[in-house]
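Enquirer: Quick one, structure for this:
(chains A, B and C)
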Amino acid sequence: MIDKTIPLKNKERIWQVVYRIPKGQVATYGQIALLAGLPRAARLAGSSLKGLPKDTSIPWHRVINAQGRISLPPSSPSYKEQIKRLTEEGILIHNQKISLRDYLWEP
DNA sequence: GTTTTGACTAACT
DNA sequence: AAGTTAGCCAAAA
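Expert: Alright, predicted model coming up:
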């Protein structure tokens, strides 16, 4: 039988993984890429979040870099939004850094 | 087809 | 600890 199923675009696979990050926890770009079956494509994880609609249900704000920092330009509007959302979920940020030890998602 | 780009990272200074 | 470098890989140009 020929397989007619449409393969998911990589972007969509990234989104699916991000969607699973529990509230109050965070994940890194590299981790997301890995779980999406794209090891070492951390940059793709990042660019896949760019351009998501503002009202998306995908919790893009729970994705941070491997150093526990927000990877957006601090001048960007989204930067403040991300801090706001994380704080609202009970995630504390000290000196621009989030403790991976405390909040990192372990699937 | 080739080259450039980037919400990245691990490994070095 | 903080800054730099080289490697990464899928998309977009």
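Enquirer: in chain A, which spans are strands?
Expert: With DSSP state E, the ranges of strands along chain A come out as A:27-28, A:63-64, A:93-94, A:97-98.
Enquirer: Which stretch among these is buried most, on average?
Expert: Mean neighbours per residue, mean count of other Cβ atoms under 10 Å, is largest over these for strand A:63-64, with a mean of 24. Every C-beta, even on glycine, is put in place using the N, C-alpha and C of the backbone.
Enquirer: how about the strands of chain A in TSV, adding distance to DNA strand B?
Expert: Formatted as TSV, those follow (distance: least, Cβ to the nearest atom of the strand, whole Å):
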stretch	distance to DNA strand B
strand A:27-28	4
strand A:63-64	6
strand A:93-94	14
strand A:97-98	12
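Enquirer: Can I get the ones you listed in a markdown table including mean pLDDT?
Expert: Below are these laid out as a markdown table (pLDDT from 0 to 100):
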| stretch | mean pLDDT |
| --- | --- |
| strand A:27-28 | 98 |
| strand A:63-64 | 98 |
| strand A:93-94 | 97 |
| strand A:97-98 | 98 |
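Enquirer: what residues are up against the residue nearest the centre of chain A?
Expert: For chain A, the residue nearest the mean C-alpha position is A:V63 (2.7 Å; Cα atoms, centre = their mean). Listed by Cβ atoms under 8 Å, 6 or more residues apart in numbering, the contact set of A:V63 reads A:V18, A:I21, A:V26, A:A27, A:T28, A:Y29, A:I32, A:A45, A:G46, A:L49.
Enquirer: Kindly recompute the last result at 6 Å.
Expert: By Cβ atoms under 6 Å, 6 or more residues apart in numbering, the contact list for A:V63 reads A:A27.
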